[in-house]
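Asker: show me how the following folds:
(chains A, B and C)
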Amino acid sequence: MAEMKDLIQKLEQLDTQNMYGRDFLLTWEKTDAELQAVFTVADALRALREQNISPRIFDSGLAISIFRDNSTRTRFSFASASNLLGLTVQDFDEGKSQVAHGETIRETSNMISFMADVIGIRDDMYIGKGNAYMRQVAAAVQEGYDDGVLKQRPTLVNLQCDIDHPTQSMADLLHLIHHFGGVEQLKGKKIAMSWAYSPSYGKPLSVPQGIIGLMTRMGMEVSLAYPEGYDLMPEVEEVAKRNAAASGGRFTKTHSMEEAFVGADIVYPKSWASYAAMERRTDLYGANDFDGIKALEKELLAENARHQDWECTEAMMQKTRDGKALYLHCLPADITGVSCGQGEVAASVFDRYRAPLYRQAGFKPYVIAAMIFLSKVKNPARTLESLQQRGTSRFVG
Amino acid sequence: MAEMKDLIQKLEQLDTQNMYGRDFLLTWEKTDAELQAVFTVADALRALREQNISPRIFDSGLAISIFRDNSTRTRFSFASASNLLGLTVQDFDEGKSQVAHGETIRETSNMISFMADVIGIRDDMYIGKGNAYMRQVAAAVQEGYDDGVLKQRPTLVNLQCDIDHPTQSMADLLHLIHHFGGVEQLKGKKIAMSWAYSPSYGKPLSVPQGIIGLMTRMGMEVSLAYPEGYDLMPEVEEVAKRNAAASGGRFTKTHSMEEAFVGADIVYPKSWASYAAMERRTDLYGANDFDGIKALEKELLAENARHQDWECTEAMMQKTRDGKALYLHCLPADITGVSCGQGEVAASVFDRYRAPLYRQAGFKPYVIAAMIFLSKVKNPARTLESLQQRGTSRFVG
Amino acid sequence: MAEMKDLIQKLEQLDTQNMYGRDFLLTWEKTDAELQAVFTVADALRALREQNISPRIFDSGLAISIFRDNSTRTRFSFASASNLLGLTVQDFDEGKSQVAHGETIRETSNMISFMADVIGIRDDMYIGKGNAYMRQVAAAVQEGYDDGVLKQRPTLVNLQCDIDHPTQSMADLLHLIHHFGGVEQLKGKKIAMSWAYSPSYGKPLSVPQGIIGLMTRMGMEVSLAYPEGYDLMPEVEEVAKRNAAASGGRFTKTHSMEEAFVGADIVYPKSWASYAAMERRTDLYGANDFDGIKALEKELLAENARHQDWECTEAMMQKTRDGKALYLHCLPADITGVSCGQGEVAASVFDRYRAPLYRQAGFKPYVIAAMIFLSKVKNPARTLESLQQRGTSRFVG
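Answerer: Got it, this is the predicted structure:
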């Protein structure tokens, strides 16, 4: 296993000591070395599994999941990652709990964590809420740990919030690293993160925000395109600007999909609601103004409908480098004529990229497993080495 | 463990190479040797567990379950089988997923399968739908495997569809094999697969179809009885006819419950909706005609009510061989005066057969485990042997 | 591990043979030695886990959970305990089952138990129902075991019924034992089990009943306080009286919260509905009289509202021994100004006891694990010893 040897050597060079015992909430809270460590461990766990070596580090223990929004990919990725490492997922379903009894987040967080090693949370519906909720949970279990209530401090993984979607953007980036043959190859590449039309309403901002916040660190040219009014959170744009300046990349904005696509090596056309609209929705929910929400939804759909030309068509793909940019999507995409009448992408474009798109999604379980691994294991290189030496078969037969 | 030795020797004689990597969707797609292999492995796994030897072959891995209809027995049987082999069940709940976003079956199937070894599906509500859905999922994961999206090809187990209920019929048959002392003892035995009255509506056809499609292969006389109009799918009747001809058995039809029961060694009185009615219901659902469905339900209940005399009473049991036929049911049965006013079977008959009925159900976890085992393990006899030699205790204490 | 040695030695002195293969339904069905054994094993399992030794005794096997009422703490405690011992929780969700088809408890209990080692049940809503249901399930699996339907007899753990909440009261008591430095230190201590005001309706009686039924065995003075009309089940009061007489403790009743608090070493202020009201509610449900239930609810809330002065305030705490009684609650508490306008306890009191309260809850997973362990393991002292010697790491890395 030459590959494993290289990965372990690479990992030894990276300073990961601040990942131990820590949460993974936003990519821009992590150093470059820490992000590299996630990719390296993800590749190593994958190499082990694909050679039928079990990287199980837990004989028992719980991985708590809290999904405040629907999920398929991320739910199964979290379940896969937890299972691979030996943890059992216990879903915290607020509907079946005593949360309705007025229990506080501080209390619930401790009550579910007595034997929890990890907590994964998706909370992406309202601006200003999801990430804040994760930090409340993190503070609660830290306090519980400090008070001797919890004998281990469960670490958190952000499975999508209002600000970032780090397991998605990291999986996307790992896909790019493999596709282009190494992280150095990304330097100077142009990625178009573009808004695209969807007949549905209120898609989270976390994917485009996660992309501009992460890809700008790789020395790439990140071109963010959207119709006027579909702004992202200004503080994340600031992150992107700072990152680009530091990495020798570029971060540009345009209101033309075409401009973003011209010469792009990678395109990521994807719908989202505007920051301003999401803030209004959050306020309306806060006020329990359901008529207001309905009216807002109608207004936003009408606004969306004015931009049906923001579609990743074959003609649009022709503008990209050699007409062959790599097409990315977090899935599921709104495919014109397949999942909706008019959507984000033409069926022929989507179909041509189906296999790489599915491979892109396939990195997520390993990225999550790596995040868990690095927050739990003190010396990750040594542990990987001993897992390889232990050589327990994942499957016997 | 003399028994294990015999089972392993028997298994070595059977050609199971075409089970490796393949799905289990319909019993009549499998050879006689393959069915024998399922029974043999089921008995072997049971023998190991009952001697406190763990037949666990997976250190980690997911078994995906998709239940598009309610289930108790099959759900717990699938969970038990997966757990016994070391897999963790991850239920795919379409309501909590992104399927509503217009995601295709092809995509979803891949997205949930990155670390899946097995997918179990129940989809038995609509004629022409359930088995077709399973084949779409199977094609999707095969394509994903061929494209390098999936590193292992999850194999499918049909947990009941519109056509067959193979885990049920195979468990029923394994029960008969044990009850009568061997598969050879079934030759010439008469089994009455009879419609019976139920006050409920729209029970699937898959149990009676599974029974006539399987029991006709054992050289048995299969007598199918139902009131006029309660026909099964004609293509399955054709399967039964061909099977009976090939096995030296018989397949007959009658519109008299009594005629079927006369001289029977085994009786299987069980309600179902007619094929024609199920087709009409499927069409009405397709057209979202809910008034039409209500009207149909009313009509079918009225039609059912005309056949309340189709009950497995003591008098009816007296017609069977020595009045002592073995009574089978997939459970739960509609028991007259217990679970309903008037139903499929008299309480005294049911009570007399309770213990064997429950034992009948107890074969299902092992049948499912055997189906998984044979689709995953290249050399099943050798693997069973090494599991026995390994001798890991299922329970220490 | 000096502590483990002591615990094992202590366990060897206790007669636990009648726990093997038996259910844990009511604390007063267990001998003093058996309760001591639960505490000892709970401490031993905790010691092992905290020293990173896995006390896993199952390589596979299911722990069935049946929650007929919402739960957070107990659900996660049962999941944690099962996982620690190597069992996989399979939740039996009656809504997704065939129970609606008129299936009997006897049948369902067997159908879900073919590979079940443990069944945990919460059924606390209706007087006369919950504990009775558990006994029906227990009788059913016993019968199945005797008939050869089940190859192992799953043992039951009462996760709260209408009569007792043994996993709660045992966790509470284990907390007291640790807090006061040993079970002998509890002799002569005064505990006030007091009703407290809550703006919600119909809280179960099982916690106060469990407390008076258990704490009276420890030679404690148990003072039960409640407003007139909020009586507990008379048969449980009889248990408390008998226990107190036998243990050299006292069991007193008062209609003054203050009287109970005066000089108390421990206070447990907690709301409940009255026995008479719960009986009326049960009858109304039986008659499907939903208007009657609504009227009853209104009446009870009005009745509750007359006792808003039953609150654990700072002034009330001042009455206790040195003003420093240990405050207990099963959580979540109705905290005045936090989870409700006016509730069971003042925020400043609750806040001061938060850490010990959370630690109190942290005993439950180990108490449940100990109950399972003692019902499954023939020689618990020897098994603990060999688990320690085996020394499998719970977490490697």
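
Asker: contacts only, for the closest residue to residue A:198 other than its chain neighbours.
Answerer: In space, and not counting its chain neighbours, residue A:198 is closest to residue A:271: 3.5 Å by C-beta to C-beta, 6 or more residues apart in numbering or on different chains. For glycine as for every other residue, the C-beta is placed from the backbone atoms N, C-alpha and C. Shown in contact with residue A:271 (C-beta atoms under 8 Å, 6 or more residues apart in numbering or on different chains): A:195-198, A:200, A:203, A:304, A:334, A:344.

Asker: now do 7 Å
Answerer: A:195-198, A:203, A:334, A:344 (C-beta atoms under 7 Å, 6 or more residues apart in numbering or on different chains).

Asker: how about the residues of chain A near chain C?
Answerer: A:57-62, A:88, A:90, A:96-98, A:101-104, A:107-108, A:110-112, A:114-115, A:144, A:147-149, A:151, A:376-377, A:383 (C-beta under 7 Å from any C-beta of the partner chain).

Asker: count the residues that sit near whichever residue of chain A sits closest to chain B.
Answerer: Residue of chain A nearest chain B, by C-beta to the nearest C-beta: residue A:339 (3.0 Å). As a burial measure, residue A:339 scores 22 neighbours (other C-beta atoms under 10 Å in any protein chain shown).

Asker: same check on residue A:280?
Answerer: The local packing of residue A:280 (other C-beta under 10 Å) involves 18 other residues.

Asker: shouldn't it be within a strand?
Answerer: No - using DSSP: H, G, I helix; E, B strand; the rest coil, the assignment for residue A:280 is helix, not a strand.

Asker: returning to what we had before: how about the contacts of residue A:271, which pair is most distant?
Answerer: A:195 and A:334 (12.4 Å; C-beta to C-beta).

Asker: now for the most centrally placed residue in chain A: which residues touch it?
Answerer: Nearest residue to the geometric centre of chain A (C-alpha atoms, centre = their mean): residue A:168, 2.5 Å. Residue A:168 makes contacts with A:160, A:207, A:210, A:330, as judged by C-beta under 7 Å, 6+ apart.

Asker: give me the pLDDT for the first one.
Answerer: Read that as residue A:160. Per-residue pLDDT puts residue A:160 at 97.

Asker: so which helix or strand takes in the residue nearest to the centre of chain A?
Answerer: Using DSSP states H and E, residue A:168 sits within helix A:166-180.

Asker: pLDDT (mean, whole number) over that helix?
Answerer: Averaging pLDDT along helix A:166-180 yields 98.

Asker: shaky segments in the stretch 1-150 of chain A?
Answerer: Within the stretch 1-150 of chain A, the stretches with pLDDT under 70 are A:1-2, A:96-102.

Asker: need the helices for it, in chain order.
Answerer: A:2-13, A:32-50, A:73-85, A:105-111, A:130-146 (DSSP state H, counting those that start in this stretch).

Asker: turn the ones you listed into TSV, columns for mean neighbour count and distance to chain B.
Answerer: Formatted as TSV, the helices of the stretch 1-150 of chain A follow (neighbours: other C-beta atoms under 10 Å in any protein chain shown; distance: least, C-beta to the nearest C-beta, whole Å):
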stretch	mean neighbour count	distance to chain B
helix A:2-13	15	15
helix A:32-50	22	6
helix A:73-85	27	4
helix A:105-111	23	20
helix A:130-146	19	18
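
Asker: relative to helix A:73-85, how tilted is the helix holding residue A:168?
Answerer: Angle of helix A:166-180 versus helix A:73-85, following axes from the mean of the first three to the mean of the last three C-alpha atoms, to 10 degrees, is 80 degrees.

Asker: next secondary structure after helix A:166-180?
Answerer: The first helix or strand that comes after helix A:166-180 along the chain, using DSSP H and E, is strand A:190-195.

Asker: adjacent strands (with direction) for that next one?
Answerer: strand A:221-225 (parallel), strand A:266-270 (parallel) (DSSP bridges).

Asker: out of those strands, indicate the one that is most buried.
Answerer: strand A:266-270 (a mean of 26; mean count of other C-beta atoms under 10 Å in any protein chain shown).

Asker: now it, how far from the centre of its chain.
Answerer: Mean-position distance between strand A:266-270 and its chain equals 15 Å (C-alpha atoms, centre = their mean, to the nearest Å).

Asker: tell me the average confidence for it?
Answerer: The model assigns strand A:266-270 a mean pLDDT of 98.

Asker: please list the residues outside it that contact it.
Answerer: A:176, A:189, A:191-194, A:196, A:207-208, A:211, A:261, A:312, A:320, A:325-330, A:344-345.

Asker: follow-up on the earlier one: now the residue nearest to the centre of chain A: how far from residue A:367?
Answerer: For residue A:168, the distance to residue A:367 equals 9 Å [C-beta to C-beta, to the nearest Å].

Asker: now residue A:66
Answerer: Residue A:66 is 19 Å from residue A:367, by C-beta to C-beta.

Asker: comparing those two, which residue is more hemmed in?
Answerer: residue A:367 (29 against 21).

Asker: about what we covered before: of the residues of chain A next to chain C, keep whichever come out buried.
Answerer: Among those, those buried by neighbour count (16 or more other C-beta atoms under 10 Å in any protein chain shown) are A:57-62, A:88, A:90, A:96-98, A:101-103, A:107-108, A:110-112, A:114-115, A:144, A:149, A:376-377, A:383.

Asker: what parts of the stretch 51-200 of chain A come near chain B?
Answerer: Near chain B, when you scan the stretch 51-200 of chain A using C-beta under 7 Å from any C-beta, you find A:54, A:56, A:70, A:72-73, A:76, A:79-80, A:83-84, A:86.

Asker: just the element for residue A:285, please.
Answerer: helix A:275-286.

Asker: what lies in contact with that helix?
Answerer: With C-beta under 7 Å, 6+ apart as the test, helix A:275-286 has contacts from A:126-129, A:202, A:205, A:231-233, A:292-293, A:296, A:300.

Asker: per-domain residue ranges of chain A.
Answerer: Domain assignment for chain A, taken from automatic domain parsing, gives A:2-163+A:364-390, A:166-361.

Asker: pick the most buried one from the ones you listed.
Answerer: Compared across the domains of chain A, domain A:2-163+A:364-390 shows the largest average neighbour count, a mean of 21 (mean count of other C-beta under 10 Å).

Asker: helix, strand or coil for residue A:378?
Answerer: coil.

Asker: model confidence for it, exactly?
Answerer: Per-residue confidence (pLDDT) for residue A:378: 97.

Asker: is it correct that it is in contact with residue A:18?
Answerer: No - counting by C-beta atoms under 7 Å, residue A:18 is not a contact partner of residue A:378; they are 12.0 Å apart.

Asker: picking that back up, most widely separated two among the residues of the stretch 51-200 of chain A next to chain B?
Answerer: Taking C-beta to C-beta, no two of those sit farther apart than A:54 and A:70, at 31.0 Å.

Asker: residues in contact with residue A:15?
Answerer: Applying C-beta under 7 Å, 6+ apart, one finds that residue A:15 lies in contact with residue A:33.

Asker: rerun at 10 Å
Answerer: By C-beta atoms under 10 Å, 6 or more residues apart in numbering or on different chains, the contact list for residue A:15 reads A:31, A:33-34, A:36-37.

Asker: nearest to residue A:12, of those?
Answerer: Nearest to residue A:12 among the contacts of residue A:15, with distances taken as C-beta to C-beta, is residue A:37, at 10.3 Å.

Asker: hmm, that closest one is touching residue A:380, no?
Answerer: Yes - in this structure, residue A:37 is within contact of residue A:380 by C-beta atoms under 10 Å, at 7.1 Å.

Asker: what touches both of those two?
Answerer: Counting by C-beta under 10 Å, 6+ apart, the residues touching both residue A:37 and residue A:380 are A:11, A:14, A:16, A:19, A:370, A:373-374.

Asker: if I look at the closest residue to chain C within the stretch 201-350 of chain A, how far off is residue C:333?
Answerer: Relative to chain C, the nearest point of the stretch 201-350 of chain A is residue A:288 (18.6 Å; C-beta to the nearest C-beta). According to C-beta to C-beta, residue A:288 stands 26 Å off from residue C:333.
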